[in-house]
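[1] what follows is a protein structure lacking sequence information:
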């Protein structure tokens with residue numbers, strides 16, 4: 001029964017991505033800097049990018065790398081806020097990035113950083129990436145327990161900068177013990193679902 005539920009969750013994630021992005025999965029005409037002439041694929045963020053809670057090689061970045069048969073540079077640091085991420089972001093762009101996945105904001109909420117500061121920091125990261133001629137995939141996280149205080153802000157940010165966007169990568173995972181390592185980090189099964197949500201968008205932007 002558990003395996004069936006996980007399979008259904010994966011299928012819904014893939015179908016949902018197609019509905020969310022529609023023609024952009026094929027034309028990507030609304031994503032800035034597509035096609036990019038860069039080389040590297042970078043995943044930048046906090047513990048969710050680093051893969052806390054997964055066994056070695058089963059974080060979502062590693063899963064995506066295997067699915068694409070391409071290397072992805074994992075620059076996730078557990079505990080990072082948007083502010084601490086911003087301090088190391090320029091160094092992350094020292095290579096020749098083709099595409100950068102940005103996943104930050106969860107620790108800002110937990111540490112009660114103002115929403116204005118959080119999204120100001122994300123803006124600076126997006127602007128720096130796009131100035132390099134690289135594509136951005138913005139990955140959202142939920143900001144709040146009873147109400148998602150970040151949902152509209154991530155969506156507006158993606159629209160403002162013409163980035164690709166995947167809302168709340170943890171949607172449906174938190175509160176499902178079979179998919180979680182602890183209260184905020186997925187296990188291998190959960191990270192695989194996150195990878196399946198990202199994959200159809202990512203593959204359309206690198207080909």
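    Cool, the structure landed. What you see is a predicted model; the values in this text were computed from it and never measured. Numbers count the residues shown, from 1 in each chain.

[2] those helices in this protein, which residues are they?
    Remark: helices assigned in the chain by DSSP state H are 2-21, 47-50, 60-68, 82-92, 106-110, 115-131, 151-161, 188-206.

[3] would you mind finding the most buried of the ones you listed?
    helix 47-50 (a mean of 23; mean count of other C-beta atoms under 10 Å). Every C-beta, even on glycine, is put in place using the N, C-alpha and C of the backbone.

[4] quick one: mean pLDDT for it?
    Model confidence over helix 47-50, given as mean pLDDT, is 98.

[5] centre of the chain to that helix, how far?
    Computed by C-alpha atoms, centre = their mean, to the nearest Å, the chain-centroid distance of helix 47-50 equals 10 Å.

[6] contacts for that helix, please.
    The contact list for helix 47-50 (C-beta atoms under 8 Å, 6 or more residues apart in numbering) reads 43, 59-61, 74-80, 101, 103, 106, 141, 169-170, 185-186, 194.

[7] mark which of the residues you listed are buried, thanks.
    With burial judged by 16 or more other C-beta atoms under 10 Å, the buried subset of the contacts of helix 47-50 is 43, 59-61, 74-77, 80, 101, 103, 106, 141, 169-170, 185-186, 194.

[8] local confidence estimate at residue 92?
    96.

[9] likewise residue 146?
    Among the per-residue scores, residue 146 shows a pLDDT of 88.

[10] and what of the one 4 residues further on?
    Looking at residue 150, its pLDDT is 98.

[11] OK, contacts around the closest residue to it other than its chain neighbours?
    Excluding its sequence neighbours, the residue lying closest to residue 150 (C-beta to C-beta, 6 or more residues apart in numbering) is residue 143, at 3.2 Å. Residues in contact with residue 143, defined by C-beta under 8 Å, 6+ apart, are 105-106, 108-109, 115, 149-151, 153.

[12] can you do 7 Å?
    Contacts for residue 143 were tallied using C-beta atoms under 7 Å, 6 or more residues apart in numbering; they are 105, 109, 149-150.

[13] now swap in residue 203 and tell me
    So residue 203 contacts residue 68 (C-beta under 7 Å, 6+ apart).

[14] lowest average confidence, helix or strand, in this protein?
    None of the helices or strands of the chain scores lower by mean pLDDT, DSSP states H and E than helix 2-21, at a mean of 50.

[15] rewinding a little: a markdown table for the helices of the chain, including distance to residue 177?
    Formatted as a markdown table, the helices of the chain follow (distance: least, C-beta to C-beta, whole Å):
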| stretch | distance to residue 177 |
| --- | --- |
| helix 2-21 | 10 |
| helix 47-50 | 18 |
| helix 60-68 | 19 |
| helix 82-92 | 29 |
| helix 106-110 | 19 |
| helix 115-131 | 29 |
| helix 151-161 | 24 |
| helix 188-206 | 10 |
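
[16] I'd like the distance between the residue most central in space within the chain and residue 49.
    Centroid-nearest residue in the chain: residue 139, 3.2 Å away (criterion: C-alpha atoms, centre = their mean). Counting by C-beta to C-beta, to the nearest Å, the gap from residue 139 to residue 49 is 9 Å.

[17] identify the contacts common to those two.
    Common neighbours of residue 139 and residue 49 (C-beta under 7 Å, 6+ apart) are residue 103.
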